[in-house]
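J.: Kindly generate the corresponding structure for this input.
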Amino acid sequence: MGIDLTDTKDVETIRVAAPSDLPGIAGRTFTTPWFSIDPERSTQFSYATYLDSYPHPYEEEDDDGYGEDIVEGFYLLGMIDYLLNHVLLADFRCVPWNYGLDRVRFVSVVRLTDRFRLTGTIREVVDRGAQGHLVVADLTAEVEGRDKPGFIATQHALWVTESSS
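T.: Numbers count the residues shown, from 1 in each chain. Got it, this is the predicted structure:
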């Protein structure tokens with residue numbers, strides 16, 4: 001389970017040599033390695049976020065129509081940073097702070113047995129002066145063997161460098 005580094009033929013990375021090069025990545029595309037959710041960690045996520053104990057509308061039937069192996073959408077969103085850290089690479093010291101998400105849509109169910117990966121395009125890079133650079137990326141969570149993605153979203157990350165902190 002986890003990231004599959006044995007199947008990297010379609011992986012597409014973006015490497016940035018210096019903070020001044022960040023604006024030049026606008027328009028570039030990336031593809032992460034395939035990823036599989038560890039069922040135990042999915043259970044831990046449900047426990048940590050109290051999803052295992054909330055009032056359920058289908059409690060009497062004990063079935064919500066999706067089955068037991070569905071991956072919670074917010075857990076999938078939580079994987080964005082981890083997956084992007086494998087393909088958005090910096091040759092300088094920086095911290096890409098999660099600055100938010102826009103236009104999040106959960107398009108199709110992702111199950112514990114599914115492999116998925118992120119593909120995306122850097123929409124824009126905004127120089128924020130002393131704060132660093134705001135990197136905006138359009139993301140698609142591709143599910144292996146499926147036409148519909150698991151989710152789509154626009155991510156904003158503030159890349160703070162030593163010179164901007």
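J.: Render the CA-only coordinates of the helix or strand bottoming out on mean pLDDT in the chain in CSV, please.
T.: None of the helices or strands of the chain scores lower by mean pLDDT, DSSP states H and E than helix 39-48, at a mean of 70. Taking C-alpha atoms only, helix 39-48 is exported to CSV below (Å, rounded to 0.1, in the frame of the first residue of the first chain):
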residue,chain,number,x,y,z
PRO,A,39,-7.1,0.3,4.9
GLU,A,40,-5.7,0.6,8.4
ARG,A,41,-4.9,4.3,7.9
SER,A,42,-8.3,4.9,6.4
THR,A,43,-9.8,3.4,9.6
GLN,A,44,-7.6,5.6,11.7
PHE,A,45,-8.8,8.7,9.7
SER,A,46,-12.4,7.7,10.4
TYR,A,47,-11.6,7.4,14.1
ALA,A,48,-9.6,10.6,14.3
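J.: Tell me the confidence at the residue nearest the centre of the chain?
T.: The centroid of the chain falls nearest to Ile80 when counting by C-alpha atoms, centre = their mean (1.8 Å). The predicted structure scores Ile80 at 96 on the pLDDT scale.
J.: Next one: it from Pro19, what distance?
T.: With the distance defined as C-beta to C-beta, to the nearest Å, Ile80 ends up 22 Å from Pro19. (Glycine included, C-beta is placed from N, CA and C.)
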